[in-house]
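Novice: I would like the atomic coordinates for the input below:
(chains A and B)
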Amino acid sequence: MSVKLSPPDSPVRRPALGAGSRPRRAGRPGPGVLASFIAPSLVLFLLFVILPVLFAAYVSFFRWNGLGGVPTDFVGLDNFRAMLGDEVFLGDLWRLGLIVVLSILVQLPLAFGLAMLLHQRFPGRTAFRLLFFVPYVLTEAVTAVLFRLVFSPRRGFADSIMANLGIDAQIGWLSDRDIVLFVIFGILTWKFFGFHMILFLAGRQNIPDELYEAAAIDGATGAQAFRSITLPLMGPTVRLIIFLSVIGTVQLFDLVYVLTGGGPFHASETLAITMYEQGFQRGQIGYASALSIAMFLVSLVFALFYQRLVLSRDLKGSLTTAGGNRS
Amino acid sequence: MRNPLGRPKALLAAGAATALALSGAACGDSGESDADITWWHIQNQDPLMSTWQEFADDFGDEHDLSFDVQAIENQSFKDRMGPASQSGDVPDVFHTWGGGVLAEQVEAGLVKDLTGQLDCIDSINPIALEAYTIDGKLYAMPFDAGVVGFWYNIDLFAEAGIEAPPQTWDEFLADVEALKAAGIAPIALAGADQWPGHYYWTYLAMRIVGLDGLEQAAAAGDFSGEGFEQAGDLVAELAALEPFQPGFESASYGEADGQAANMGEGVTAMELMGQWAPQVQRDASGTDGPANLGFFPFPTVEGGAGAGTEWLGGGNGYAVAADAPDEAVEFLCYLMEPENYARAIVDGNLTPVAADTEAVAPDLNADAQKVVEALATATGTQLYLDQAYPPAIGGVINEATEGLILGQITSEDFIEMVNAAWAAEA
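Specialist: Numbers count the residues shown, from 1 in each chain, chains lettered A, B, ... in the order given. Below is the predicted model of the structure:
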């Protein structure tokens, strides 16, 4: 979709303003202006993104407690070797995969279904849209504190609901190693389904009504129209949401850290929590840097493959030719 | 005109944007504030929190200094000190437990050497200085010292038919069973915080291999051997009785449904905790705490080398940053002025470190009195392992104890984890 900011040039060239001066191509800033606008953000990007990444990569080859200037104790690939034998790290990857798969199987269909419902016209539709979006507005730390109260063992909201329903089961919502990850997934779903729903809704609204009218004239049923029009045309939105969902899961930290600290005994730990604990609580900055590099690689490899294999159709032109075809 | 910004104007705008962005970045996050003296402490509960603030204000007025006092919760304090130390930007005055963590900060040149700098040194009991003395130099001033033991609800013990607190590990396990039989959760534990759990393993190791055995193991970085394995097995044996309150696995120490609150509300019968426990029981539960609170030493283990009069413990002190103004050192002694210290002892339920306890705390409350007596008759002390050892090893001991308690690892795994941590540190 393109947004037009100004009326198109008239096909008839206007006469030059001043006699003798060369006609200037309007709206094309020269290289000097371009450079002066790009330079500030480039400097900041190099200083605060690229440099720290390179420094982390450098530190990951050292054993270093972070104190006293620069690392000196070079250990080669030891940190990475230790990482591959670290059950917590491998567990983090497993939990990451599990949450991603669950998100795609549960969270996205739920958001999709709700978006389809809320696309229909009925009274109170805006109120519902708003209501479903509200959890996304809360910060993750606040969400975690809230759910700590809900799942508190002795007088938590969850337990009292269960009791009122006549179910007298002691469920260790956050304390049972076998279910804590699913409880966290539930909270993530609660928090993010509204956001995904809004994206789906926007995607749905971009499909022109004419297609459905034409289909109806051809005698297509609602189900046929859904299968042949809605689903294929929602493809770009689905692919984008899966991408956001995976990257968000890789970065998952604050919600889980405040909720469980990654426990009990690593049962809900994420890559970012392992990195944080090794780096800032145990003072093993070298090892933590190796973990951060692993996180970086996981994200990068995923992003590259996903973009090349899945998103390429949707992104064609937007990244590769700098803002679209100029001819 | 399509291009309203002429070139000179555009350059100017870009330049301004750069300047803004860079200056915004420059005044970003810095650990220290503009105040003359920054002070991070963990006395985040009233009345002592307000009292500390008042002392800082008074001292500031007297010396024309501005103070930035931050009362931080225990775990958050540790979380914030890590990055602060790594950035080389520690507060002028900060809380410390001494031991390995302080030693690392000293090695990094972040801490002021207080040897011969404290005018009030003679008013402090020399024993209390040990945890803060590294290579013969003093790096912090203690204001509180105490021991870890079992705080127990005497009424709940009586309800379960237990007349006297247990002396041996076997009696202790029998009492746990008796409490369970009476329908009382025997022990409150903050599983998510890990450090309260590590007291159990440490005490069992102290009772089985003795303080000398523990010291030798730390010196060699090798915790192999039957004694340490038995310590792990006994932790697992205790956990197998399911003695902890429901949901302990995700409980924290000071929250409203945590370890201390369970004790304060009289729901659980005992907790293994330091001298600060009674105060936190009241604060976290919002109650007056158990009507009858008793204190007993960690039980002895049959055939073990350790005695019941050897205590796990430690104190609280304040260290001064290497680049802090001299007034920061003066301020420490201001806190120890008899009148001020006497008030702090009452407000914070501190266990005094004064050379002459009677002078500053003539009528110490009953709970603190129990700890003072335990210290007075102690035949040996051991600093909490997660403070005594470097953070990487202390962290592994905490983590591994959680694993033992949850039945996720064996006592052999425990030893392997701790030894690997020492090997990586050496």
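
Novice: which strands or helices does the helix or strand where B:A328 lies pack on?
Specialist: If you go by DSSP states H and E, B:A328 is part of helix B:326-336. Applying 3 or more CB pairs under 8 Å, 6 or more residues apart in numbering or on different chains; DSSP states H and E, one finds that helix B:326-336 makes contact with strand B:37-41, helix B:48-63, strand B:93-96, strand B:140-147, strand B:310-320, helix B:338-348. For the C-beta atoms, the positions are set from N, CA and C on the backbone; glycine is no exception.

Novice: could you measure from A:T126 over to chain B?
Specialist: 38 Å (CB to the nearest CB, to the nearest Å).

Novice: and the pLDDT at B:L12?
Specialist: Note for B:L12: predicted pLDDT of 48.

Novice: over to the one 10 residues further on?
Specialist: Looking at B:L22, its pLDDT is 43.

Novice: could you do A:R24 as well?
Specialist: 55.

Novice: could I get the helices and strands packed on helix B:326-336 as TSV with mean pLDDT and mean neighbour count?
Specialist: Formatted as TSV, the helices and strands packed on helix B:326-336 follow (pLDDT from 0 to 100; neighbours: other CB atoms under 10 Å in any protein chain shown):
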stretch	mean pLDDT	mean neighbour count
strand B:37-41	94	23
helix B:48-63	92	16
strand B:93-96	95	25
strand B:140-147	91	26
strand B:310-320	92	25
helix B:338-348	88	18
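
Novice: want to try a markdown table for these, with distance to A:G235 as columns?
Specialist: Converted to a markdown table, the helices and strands packed on helix B:326-336 look like this (distance: least, CB to CB, whole Å):
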| stretch | distance to A:G235 |
| --- | --- |
| strand B:37-41 | 54 |
| helix B:48-63 | 58 |
| strand B:93-96 | 56 |
| strand B:140-147 | 63 |
| strand B:310-320 | 60 |
| helix B:338-348 | 64 |
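
Novice: Throw the ones you listed into CSV and include distance to chain A, thanks.
Specialist: Formatted as CSV, the helices and strands packed on helix B:326-336 follow (distance: least, CB to the nearest CB, whole Å):
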stretch, distance to chain A
strand B:37-41, 16
helix B:48-63, 21
strand B:93-96, 15
strand B:140-147, 17
strand B:310-320, 15
helix B:338-348, 26
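
Novice: now do the helix or strand containing A:L240: distance to the chain's middle.
Specialist: Using DSSP H and E, A:L240 sits in helix A:231-250. Chain-centre distance of helix A:231-250: 9 Å, with CA atoms, centre = their mean, to the nearest Å.

Novice: pull the contacting residues for the nearest residue to A:L174 once chain neighbours are set aside.
Specialist: Leaving aside its chain neighbours, A:L174 sits nearest to B:S250 (3.9 Å; criterion: CB to CB, 6 or more residues apart in numbering or on different chains). Applying CB atoms under 8 Å, 6 or more residues apart in numbering or on different chains to B:S250 gives the contacts A:153, A:172, A:174-175, A:180, A:260, A:263-264, B:191-192.

Novice: identify the farthest-apart pair in the residues you listed.
Specialist: With CB to CB as the measure, no two of those lie farther apart than A:P153 and A:G263, at 14.0 Å.

Novice: quick one, strands of chain A?
Specialist: Here chain A has its strands, by DSSP state E, at A:62-63, A:73-74.

Novice: now for the ones you listed, which one comes closest to chain B?
Specialist: Across the strands of chain A, chain B has its closest neighbour in strand A:62-63 (7.4 Å, CB to the nearest CB).
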